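Visitor: Predicted coordinates and the sequence they were generated for:
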Amino acid sequence: MPSARDAREWAAQGGLHGIGNSLYTPFSGPDGDDIDYDAYRALVRYCVGDLGHAMLWLTSGIAEWWSLTLDERKKLVEIAIDEARSVAPGAVIQACTTATSAKDSLELTRHAQEHGADICYLQTPPMEVHAGEGVLRFFKYIADRTDIALGMFNSGSSGCVLSPVEIARIYDEVPAVCAIKEGMLQYWRSKAIHALAPSLVVWECDTIVYRAGWLQAGIVTPAQLGTAGYLVETPEWPRLTEYWTRIWDGRIAEAISYAKESGLEELQSAVGNWYTCYPGRPEYFTHWAEAFRYAASMIGLPMGDYPHSRPPQAILPQAAKTQIRTAYEKFGPVRSPVSA
């Protein structure tokens, strides 16, 4: 686990690498008030063991962090670290520790540090925040009281989006900050951020930039900080790994062809935007976690006995389930249940 002082050197030397899976929360019991921790353990083992993915991204949007108590978030981090390190000792643990108060975020960040996480990401706070100045104070408050690598997570789901200038200022003034997940799906932002903070490790969620050679140009990192890679490949058919290996190696044209030939591109297109868009609020980027869990059920991954999200998310409509199921039946992978 890198200290705050070593964070940037650790990141520069490839501490963040490979595919990182953002894990969902398997809810159970009446109204999903409980969590199936055995199912969560199985999901962790599947990602870092069966799939051999290098990183985990914990208690973030797909996990529905806003619907979890502090104790639940802590337990999910503890379980993920214990299970991952028992299967793959070198697994990189990324914990997302933003909360609705700086004090709660500090408590979660200290907890992740004490239990052996490698880096904590602070999503731009989704409450009343005074733009970049307020977010800078937020980061300084956490950094001054912890000793762990920190990352930024810029997402439209927060309601406040940091500009490249604001991001660069946080990087300049908070030495523990070494990476950012740029989640606005506006690829120009990564180039602007890199120009202002060349040593900041940037993962652009709009992965078209990788096909444009921005990795080879040094603008973005090869590390896929937070994906749901477990939804599009299996140990028997590691097509996401095969795709990204070609990108990382600079075989871009080959990677593009492989994405089409393997059905990877078609699957992602056929699922549509159910993962990130609620039709009643189409302009808003969301993490509709029930859609992720429903897709996971197509691959036999354990999802708990309560399939829906906790409030305030809506219940996934049948049209979404039909579209997701049809996409998986056509483009795969469909797989028998993974043992919990």
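Guide: Cool, got the structure. Here the structure is a predicted model, which means the values were calculated and not measured.

Visitor: for the helix or strand where E290 lies, packing partners?
Guide: Per DSSP states H and E, E290 falls inside helix 289-298. Counting contacts by 3 or more C-beta pairs under 8 Å, 6 or more residues apart in numbering; DSSP states H and E, helix 289-298 packs against helix 318-331. In short, each C-beta sits where N, CA and C put it, glycine included.

Visitor: Endpoint to endpoint, stretch 155-169 covers what distance?
Guide: Distance between the two ends of stretch 155-169: 18 Å, counting by C-alpha to C-alpha, to the nearest Å.

Visitor: How far away from the center of its chain is it?
Guide: 17 Å (C-alpha atoms, centre = their mean, to the nearest Å).

Visitor: Which of the residues in that stretch are classified as buried?
Guide: Buried residues in stretch 155-169, defined by neighbour count with 16 or more other C-beta atoms under 10 Å: S155, G156, S157, S158, C160, V161, L162, P164, E166, I167, A168, R169.

Visitor: what does stretch 248-255 give?
Guide: For stretch 248-255, a neighbour-count test (16+ other C-beta under 10 Å) marks W248, I252, A255 as buried.

Visitor: can I assume the first one is in contact with T221?
Guide: Think W248. No. Between W248 and T221 there is no contact under C-beta atoms under 8 Å: 10.3 Å.

Visitor: Spit out the residues that contact the two alike.
Guide: Common contacts of W248 and T221, defined by C-beta atoms under 8 Å, 6 or more residues apart in numbering, comprise L215.

Visitor: the helices in the chain, which residues?
Guide: Ranges of helices in the chain, per DSSP state H, are 7-12, 37-45, 70-87, 102-114, 131-143, 164-173, 188-196, 208-211, 239-248, 252-261, 264-271, 289-298, 318-331.

Visitor: Put together TSV for those helices, with distance to L231 and mean pLDDT on each row.
Guide: Shown next, in TSV, are these (distance: least, C-beta to C-beta, whole Å; pLDDT from 0 to 100):
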stretch	distance to L231	mean pLDDT
helix 7-12	27	97
helix 37-45	11	98
helix 70-87	18	98
helix 102-114	25	98
helix 131-143	31	95
helix 164-173	29	98
helix 188-196	24	96
helix 208-211	19	95
helix 239-248	9	97
helix 252-261	15	97
helix 264-271	9	95
helix 289-298	5	95
helix 318-331	9	95
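
Visitor: Please identify the deepest-packed of these.
Guide: helix 289-298 (a mean of 23; mean count of other C-beta atoms under 10 Å).

Visitor: tell me the angle it makes with helix 37-45.
Guide: Interaxial angle of helix 289-298 relative to helix 37-45 (axes from the mean of the first three to the mean of the last three C-alpha atoms, to 10 degrees): 70 degrees.

Visitor: contact partners of the helix holding E290?
Guide: Helix 289-298 is contacted from outside by 24-26, 61-64, 228, 230-231, 271, 274-275, 303-304, 307-309, 313, 315-316, 320-321, 324-325, 328, 334-335, using C-beta under 8 Å, 6+ apart.
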